[in-house]
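*Asks:* The following comprises the amino acid sequence and a computationally predicted model.
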Amino acid sequence: MNEKELYKQLCISEPDIPLFLQYWWMEAASVGKTWDVFVYRSANGEIVAAMPFQIIKRLGMKFIVQPELTPHGGIWMHPSLLGKNRLHNEKTVFTYFIDRLDRLRPTAFLMSFHGNLTNWLPFYWRGFEQTTRYTYVIDDISNPQAVFDRFAPYKRGRFRKSLKQGAGTRISTNVDPHQFAQLHRRLIESRRGRHYFTTQAVVESVVAAAVERSSGAVVEAVDADGRTLAAIFVVWNSNCGYLLLTADNASQNIDATTLATFEAIKFLSGRTRSFDFEGSMVCGIEHSYRNLGARQTPYFRITRSYNPILRMLNIRRLK
């Protein structure tokens, strides 16, 4: 049994493996591409850590990355390794995975790690670089009214004004992946001529896989005539819900994205504990998420160029 087959079994038996590291997610988000996984075993042979990754090839070069539409990748470690000896265990596990990467001989490595990873020293010692990035998280969504009360005053005002103008929302958990992918693309391209860079096949694959597992839903904000002003796709597990895809074409008088997002939070309040906006480093988007009462949360983007020529370039542009 190869490591991917072992990992598939592991994901069934270990529910705490993060959503975006799950076997089914890697399969869905890697449609048309190749992915693999390294596993680490304890002394008694049990798998206690894993690092899934996607392999993409460009111009004869091989890159280790996280899949498209996957906000973070990284390493899962069994809770038994995260106690008082955590730093020692992280050094051991990370060094093992780095050795495996070296033997794989990629051109470059680029991956954003889940915010639970706060120690990247073993990577630093081996020549990797790190950039701190930020997302925004609402830690407790069990009481949607309390979440709304933490919105900035102007956000609450625009929300109420949008409702007065006849705007509303609708939720679909029985989603046609192709129709949603087309809607998402249309909304983005219709807003000031923006280009659409997301691979349609990946959108459809991820949406289909999440909906099949009752872990995905589309929330739309609509005008008084029922026309879609904004559409978002959220995914979740028992720990957290994520704002994965969002697009809007609303007027400045209607805050359609906030309407849809708050409806998603209400929908998820009985299904998961927290909500992650999968925040943006773009100033305007960051400002909007912050004013919805979310907490700024750092995570690491870790990179390394194994190619001496690429080492002189900014490999962050390759993804």
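*Replies:* Perfect, thanks for sending it. Numbers count the residues shown, from 1 in each chain.
*Asks:* contacts, neighbours, all on C-alpha from now
*Replies:* Will do.
*Asks:* pretty sure I188 is touching L245, no?
*Replies:* No. Applying Cα atoms under 8 Å, one finds I188 not in contact with L245, separated by 10.7 Å.
*Asks:* L110: neighbour count?
*Replies:* Using other Cα atoms under 10 Å, L110 is surrounded by 23 other residues.
*Asks:* where along the stretch 101-250 of the chain do the helices fall?
*Replies:* Taking DSSP state H, counting those that start in this stretch as the criterion, the stretch 101-250 of the chain carries its helices at 121-125, 144-149, 153-164, 177-190, 200-212.
*Asks:* May I see the buried residues of the fourth one?
*Replies:* When neighbours are counted by 16 or more other Cα atoms under 10 Å, the buried residues of helix 177-190 are found to be 177-178, 180-181, 183-189.
*Asks:* next one: stretch 147-157
*Replies:* By neighbour count on 16+ other Cα under 10 Å, the buried set for stretch 147-157 is 147-148, 151, 155-156.
*Asks:* Farthest pair within those?
*Replies:* Spatial extent of the buried residues of stretch 147-157 (Cα to Cα) is set by the pair V147 and K155 at 12.1 Å.
*Asks:* Mind putting the buried residues of helix 177-190 into CSV with distance to L69 and pLDDT?
*Replies:* Compiled in CSV, these are given as follows (distance: Cα to Cα, whole Å; pLDDT from 0 to 100):
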residue, distance to L69, pLDDT
P177, 15, 96
H178, 16, 94
F180, 15, 93
A181, 13, 93
L183, 17, 89
H184, 13, 89
R185, 14, 89
R186, 18, 88
L187, 18, 84
I188, 16, 83
E189, 18, 84
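*Asks:* related to what we said a few turns ago, ranked by average pLDDT, which of the helices of the stretch 101-250 of the chain falls at the bottom?
*Replies:* Looking at the helices of the stretch 101-250 of the chain, the lowest mean pLDDT belongs to helix 177-190 (a mean of 89).
*Asks:* and it, how far from the chain's centre?
*Replies:* 19 Å (Cα atoms, centre = their mean, to the nearest Å).
*Asks:* I'd like to know which elements it is packed against.
*Replies:* helix 200-212, strand 228-236, strand 240-248 (3 or more Cα pairs under 8 Å, 6 or more residues apart in numbering; DSSP states H and E).
*Asks:* hmm, 6 Å instead?
*Replies:* Applying 3 or more Cα pairs under 6 Å, 6 or more residues apart in numbering; DSSP states H and E, one finds that helix 177-190 makes contact with helix 200-212, strand 240-248.
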